[in-house]
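Trainee: build me a model:
(one chain, ligands or ions: 2)
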Amino acid sequence: MVLISHDLNLVRRHADRVVVMRHGECIEQGPVAQVFDHPSADYTRELLAAEPEGSAIALNEADAATPVLEARRLEVRFSRTRKLFQKRPADFIALQPLDLTLARGETLGVVGESGSGKTTLALALLKLQTSRGEIHLEGERLDTMDRHTLRARRRQMQIVFQDPYGSLSPRMPVSDIISEGLRFHHPALSESEVNQRVAQVLEEVELPAACADRYPHEFSGGQRQRIALARALILEPRLLVLDEPTSALDRSVQKQLIALLRDLQARRSLSYLFISHDLAVVRALSHRVMVLRDGKLIETGTTTQVLGNPQQDYTRALIKAAGLSRQ
Ligand SMILES: Nc1ncnc2c1ncn2[C@@H]1O[C@H](COP(=O)(O)OP(=O)(O)O)[C@@H](O)[C@H]1O
Ligand SMILES: [Mg+2]
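Mentor: Numbers count the residues shown, from 1 in each chain. Ligands and ions are numbered 1, 2, ... in the order given. Purely as a prediction, here's the structure:
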C-alpha cells in the first residue's frame, strides 16, 4: 500500500518505510523509525518540528468573568423519515443536552471523532440549526429572539469552515467575498469606506492588499482560510466559531494560522469556539476543552486537566492516537 499524506502522525503509525518529498524531489527515505527519530535532511527535521507549539494566551480576570456565550441544556434532534407501513421512528439525537459557557477572550476547544456532533453543536449555537434549550449571547436570549433582531445580532457571531476550497464563491473577487457581509450590515457605508475596511482587514490577516482583485482559485489553502477569516473579522464579531479550520492544511501552514489566530484573539479579545479532531492544534489554542462522543459531552475541563490527566478511556484513546509530544 502506498499512503500519501501530510499527516506525519498517520504515516508514523501505519507505514513501514517513508519517502519525504519536496518540490517534486525525494529528500530522504528509509524505515519509519529511522527517518522519524534520526532524520538526516533539514527539511525532514523542519516537518517534524512543525507540530503546533505553545498554549492558549493568558486570560485577564475581567475578561474571564465576562461571559460572551452561554448555553443551557442545548439539544439537537433530527427526525427520521417514516417508511411505508411503519411506526414513526424515534428522533435521532445528534446532541444530548449540554451546558457551556465561553468568556470574553477565551478559547473553548471542542474535540471528538468524526460524527460526534461537533458541527451540529456549532450550527445550533449560531442559530443555524434548530435546537432546544437556552442560548445567551452577551446576556441576550438568542433562542427566543425574533428574526429581525437575530439578523442584526448575526454580525457578532461569525464562522469559519473547514473546507477552504468550497467555502468561498469561485465567481467573486476576494474584495466582494470579504465585503458582502459588511455591505449587508452597514448599507450606509460608501464605496471608498468599504474598500478601506477591506484593505485594513487584509493587512490584519497578513495578506497583501493586491489580493482584493483576485479570485479564490489563485490562492493556496492557507491563504483561503485567511480570506475566510477576513470575511468574518470585517464585521467585528465578539465570537468566532472555527470548525476544523486547519484540518485541510499541512503542519507548517497550520502553525502560521494558529499564530495568527492567537494574535487576533489578543488584539481583539475575541472568543473562539475552536472545533477540531486534532488535539495538537486544540492544545495550542484552547483554555478549556470539551470532549464529545456520539453527541454526548463526556469530559470537560481546562486544557491541562483534560489532556494532561484525562478521566475517560475515550479521551485517553484520542490522546494516544494523536501521538501528542510532551511540551
Ligand atoms: N441534517 C441532518 N440530518 C440528520 N442527521 C444529521 C444532520 N446533520 C448531522 N447529522 C448527524 O449527526 C451526527 C453528528 O454530525 P456532525 O455534527 O456533523 O459531526 P462532526 O462535526 O463531529 O463530524 C452524525 O451522525 C450525522 O450523520
Ligand atoms: Mg464537523
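
Trainee: ok and the residue in this protein nearest ligand 2?
Mentor: When you check the chain against ligand 2 by C-beta to the ion, the closest residue turns out to be Thr119, at 3.2 Å. No exception for glycine: its C-beta is placed from N, CA and C like everyone else's.

Trainee: how about the nearest residue to that residue once chain neighbours are set aside, phi and psi?
Mentor: If the residues on either side of it in the chain are set aside, Thr119 comes closest to Asp243, at 5.7 Å by C-beta to C-beta, 6 or more residues apart in numbering. Backbone geometry at Asp243, expressed as degrees, to the nearest 10, gives phi -100, psi 100.

Trainee: quick revisit: quick check, the residue of the chain closest to ligand 2 in a helix?
Mentor: Yes: assessed with DSSP: H, G, I helix; E, B strand; the rest coil, Thr119 lies in a helix.

Trainee: about what we covered before: the residue nearest to Thr119: neighbour count?
Mentor: The burial count assigned to Asp243 is 21, neighbours taken as other C-beta atoms under 10 Å.

Trainee: which residues are in contact with it?
Mentor: Residues in contact with Asp243 (C-beta atoms under 8 Å, 6 or more residues apart in numbering) are 118-119, 122, 159-162, 275.

Trainee: what's the farthest-apart pair in those residues?
Mentor: Pairwise distances among the contacts of Asp243 were taken by C-beta to C-beta; the largest, 13.9 Å, belongs to Lys118 and Val160.

Trainee: for the stretch 1-150 of the chain, what are the low-confidence residue spans?
Mentor: Within the stretch 1-150 of the chain, no range satisfies pLDDT under 70.

Trainee: quick one: name the residues of it near ligand 1.
Mentor: If contacts are counted using C-beta under 6 Å from any ligand atom, the residues of the stretch 1-150 of the chain sitting beside ligand 1 are 78, 92, 94, 112, 114-120.

Trainee: repeat the analysis, applying 5 Å as the threshold.
Mentor: Where the stretch 1-150 of the chain comes near ligand 1, counting by C-beta under 5 Å from any ligand atom, the residues are 78, 94, 114-120.

Trainee: any of the residues you listed buried? List them.
Mentor: Among these, the ones that count as buried by 16 or more other C-beta atoms under 10 Å are 94, 116-120.

Trainee: can you pick out the most distant pair from those?
Mentor: Of all pairs drawn from those, the greatest distance, 10.3 Å, lies between Ala94 and Lys118 (C-beta to C-beta).

Trainee: now for the residue nearest to Leu279 when sequence neighbours are not counted, how many residues are close by?
Mentor: What sits nearest to Leu279 in space, not counting adjacent residues and going by C-beta to C-beta, 6+ apart, is Ala322, at 4.1 Å. Around Ala322 there are 19 other residues, counting by other C-beta under 10 Å.

Trainee: I figured Ala322 was touching Val281, is that so?
Mentor: No: with the criterion set as C-beta atoms under 8 Å, Ala322 and Val281 do not qualify as a contacting pair; they are 9.5 Å apart.

Trainee: give me the common contacts of these two.
Mentor: What both Ala322 and Val281 touch, as defined by C-beta under 8 Å, 6+ apart, is an empty set.

Trainee: now for the helix or strand hosting Val19, which elements pack on it?
Mentor: Following DSSP states H and E, the helix or strand that holds Val19 is strand 17-22. Strand 17-22 is packed against strand 25-31, helix 32-37, helix 42-48, with contacts defined by 3 or more C-beta pairs under 8 Å, 6 or more residues apart in numbering; DSSP states H and E.

Trainee: Val174: which of those is closest?
Mentor: Comparison of the helices and strands packed on strand 17-22 against Val174 by C-beta to C-beta identifies helix 42-48 as nearest, at 29.7 Å.

Trainee: ok, and what's touching the closest one?
Mentor: Contact with helix 42-48 is made by 8, 20, 22, 27-28, 35-36, 39, 251-252, as judged by C-beta under 8 Å, 6+ apart.

Trainee: how about it: buried residues?
Mentor: In terms of neighbour count (16+ other C-beta under 10 Å), helix 42-48 has its buried residues at 44, 47-48.

Trainee: geometric centre of the protein: which residue is closest?
Mentor: Centroid check for the chain by C-alpha atoms, centre = their mean gives Leu242 as the closest residue, at 3.0 Å.

Trainee: hang on, the earlier thing: let me have the buried ones among the residues of the stretch 1-150 of the chain next to ligand 1 in TSV, extended by distance to Gly54.
Mentor: As requested, those are arranged in TSV below (distance: C-beta to C-beta, whole Å):
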residue	distance to Gly54
Ala94	33
Ser116	26
Gly117	28
Lys118	23
Thr119	26
Thr120	30
